[in-house]
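got a predicted model here, sequence first, then my questions.
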Amino acid sequence: MKVDINELAGYFSTININLINMVRSVVPPGGKCFGVFTPPYSSFIFPLHGRARMFFDGIPYIMDPGKIFHSGPNMTLDKEVLGRFEWDFMVIHYRVDGDEKDGLSYGSSHYQLDPGQNTRINDMLHRLYHMCNTPGNLATLRAKSLFFSLLDEIFTCANHQRNDNNRDLIEQSIEYIKIHYMQPLTIPELAEQHGLNSKQFAYLFQKYMGIGPNEYLIDRRMRHAKELLCATTSSVAEISACVGYSDPYYFSKLFKKRTGFCPSALQRSF
């Protein structure tokens with residue numbers, strides 16, 4: 001399930017939560033468990049060491065440190081430890097009180113968050129584990145407060161991580177355009193390289209570059225075409241093909257619109 005961090009934060013800011021407990025488990029290499037169910041309440045799962053695979057209602061997740069997972073109540077569950085090392089993890093069990101709002105309920109869904117390796121999250125997690133296993137109402141109150149502080153840190157880091165990943169994605173696309181601008185590139189093809197649709201890709205490109213991907217591609221082609229027109233004796237048709245346009249007439253119209261010069265006239269002037 002794809003998670004909107006802002007929407008997720010809004011969900012947890014409006015519901016009433018009771019922490020049930022917090023447990024830590026270590027499963028040896030090769031450990032497996034199939035055909036069981038998650039508890040009758042919601043859970044956050046924090047991998048600490050090792051690696052495992054879990055299926056929530058048949059949907060697989062690879063459980064690595066630096067990732068956090070959520071499962072809803074009474075889901076079918078299969079799990080197995082991967083590799084040669086034991087799998088060490090913590091689980092926070094909680095229950096949502098009252099009727100849930102219409103629409104998507106994050107409390108009853110399974111999803112993954114990627115805040116990355118974070119010492120602050122790890123420290124808060126271990127403090128919460130100690131607090132949840134300390135008797136008394138004061139400890140219960142502190143645990144609930146710490147739980148929400150932990151969620152705040154997780155959501156903030158996951159949001160930053162996603163922004164960083166998106167920035168890297170656009171930088172990769174720019175490098176690809178610089179190398180392959182002479183090919184008949186299309187925005188859907190560029191988007192597909194990163195598992196996005198055209199609208200998503202265009203939004204991210206505009207966000208980080210301040211210009212749309214098609215505008216950037218055209219600008220790149222026109223600048224290189226201008227260099228060729230001024231520095232070589234190649235024909236307009238040859239230069240058109242060199243910068244990714246098979247139709248010299250279309251190239252000439254676009255070049256004049258972008259630069260104010262007719263290609264052949266610019267070439268003659270040099």
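Perfect, thanks for sending it.

list the contacts for the closest residue to Pro60 other than its chain neighbours?
Taking C-beta to C-beta, 6 or more residues apart in numbering as the measure, Pro60 lies nearest to Arg53, with 6.0 Å between them; neighbours along the chain are not counted. For glycine as for every other residue, the C-beta is placed from the backbone atoms N, C-alpha and C. Contact criterion C-beta atoms under 8 Å, 6 or more residues apart in numbering gives 60-63, 79-80, 82 as the residues in contact with Arg53.

one more time with 7 Å, if that's ok
For Arg53, the set of contacting residues under the criterion of C-beta atoms under 7 Å, 6 or more residues apart in numbering consists of 60, 62-63, 79-80, 82.

element containing it, please.
strand 51-56 (DSSP states H and E).

averaged pLDDT, that strand. What do you get?
Strand 51-56 shows an average pLDDT of 95 in the prediction.

pairing partners for the helix or strand following that strand, with directions?
The element immediately downstream of strand 51-56 (helix or strand, assigned by DSSP H and E) is strand 59-63. Strand 59-63 has its sheet partners listed here by DSSP bridges as strand 51-56 (antiparallel).

hang on, the earlier thing: quick check, nearest of the contacts of Arg53 to Leu125?
Met63 (14.9 Å; C-beta to C-beta).

which elements pack onto the helix or strand that contains Tyr249?
Tyr249 belongs to helix 248-259 when assigned by DSSP H and E. If you count contacts as 3 or more C-beta pairs under 7 Å, 6 or more residues apart in numbering; DSSP states H and E, helix 248-259 packs onto helix 213-231, helix 236-242.

if we go to 6 Å?
Other helices and strands packing on helix 248-259, by 3 or more C-beta pairs under 6 Å, 6 or more residues apart in numbering; DSSP states H and E, are helix 236-242.

which parts of the helix it packs on are buried?
Of the residues in helix 236-242, those scored as buried under the neighbour-count criterion (16 or more other C-beta atoms under 10 Å) are 236-237, 239-242.

give me the pLDDT for the residue positioned nearest the centre of the chain.
Computing the C-alpha centroid of the chain and ranking residues by C-alpha atoms, centre = their mean puts Arg162 first, at 4.5 Å. According to the model's per-residue confidence, Arg162 sits at a pLDDT of 76.
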